[in-house]
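1. coords below, sequence missing:
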């Protein structure tokens, strides 16, 4: 028995099922972040979402220091904190767009790296609090079976951007 659709209706049905699955992932990410009980749980939610929904166990959160035009490592999972303690905005051209509130993604199957590091970076996602980027989530190497950031991953990153403020600002409203 083949998984290839036999008719346009079957093809449309498979597309609808995939859409429902994508919507469920985005909803799950939003609910997990909104239900975080404190700052530590919100950071753990970021790790869970990155691993279970996007497909990476290498994630870091950098807090923005606007006065010094730098980002300081605030929290990480699966990455060497000694290699990634500070990001200088002047040396990282992609960060300017992210600090303006827009995520940046590595192109699918591209060798381009979003930061000047040996570790491959798949996405840079701003954490917005009151419309301003207060931190940046860096998603490093994706699991081997993932060719790149997919459209549903981008939607999940939007949720992270808009709902993960509690991980940085503990009293940020849900």
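-> Sure, I can see it. It should be emphasised that the depicted structure is a prediction, and the values quoted were computed from it without experimental measurement. Numbering: from 1, shown residues only.
2. Just list the residues touching the most centrally placed residue in the chain, thanks.
-> With the centre of the chain defined as its mean C-alpha position, the nearest residue by Cα atoms, centre = their mean is residue 157, 4.4 Å away. With contacts defined as Cβ atoms under 8 Å, 6 or more residues apart in numbering, residue 157 is in contact with 54, 103, 105, 123, 125, 137, 139, 149. No exception for glycine: its C-beta is placed from N, CA and C like everyone else's.
3. Equivalent analysis for residue 152, please.
-> Residues near residue 152 by Cβ under 8 Å, 6+ apart: 22, 25, 26.
4. With residue 170 instead?
-> Residue 170 makes contact with 38, 39, according to Cβ under 8 Å, 6+ apart.
5. returning to what we had before: which one (most neighbours) among the contacts of residue 152?
-> Each of those was scored by neighbours using other Cβ atoms under 10 Å; the highest score is residue 25's, at 19 neighbours.
6. Spatially, and excluding backbone neighbours, which residue is closest to residue 106.
-> In space, not counting the residues next to it along the chain, residue 106 is nearest to residue 122; the distance is 5.1 Å by Cβ to Cβ, 6 or more residues apart in numbering.
7. Was I right to think that neighbour contacts residue 142?
-> Yes. Taking Cβ atoms under 8 Å as the contact criterion, residue 122 and residue 142 are neighbours in contact, 5.2 Å apart.
8. okay if I get the contacts of residue 157 as TSV plus distance to residue 34, neighbour count and secondary structure?
-> Written out in TSV, the entries for the contacts of residue 157 read as follows (distance: Cβ to Cβ, whole Å; neighbours: other Cβ atoms under 10 Å; DSSP: H, G, I helix; E, B strand; the rest coil):
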residue	distance to residue 34	neighbour count	secondary structure
54	18	25	helix
103	20	19	coil
105	24	20	strand
123	21	27	strand
125	17	29	strand
137	17	24	strand
139	21	27	strand
149	23	22	coil
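9. where along this structure do the strands fall?
-> Along the chain, the segments classed as strands by DSSP state E run 59-65, 70-77, 86-88, 104-105, 123-129, 132-139.
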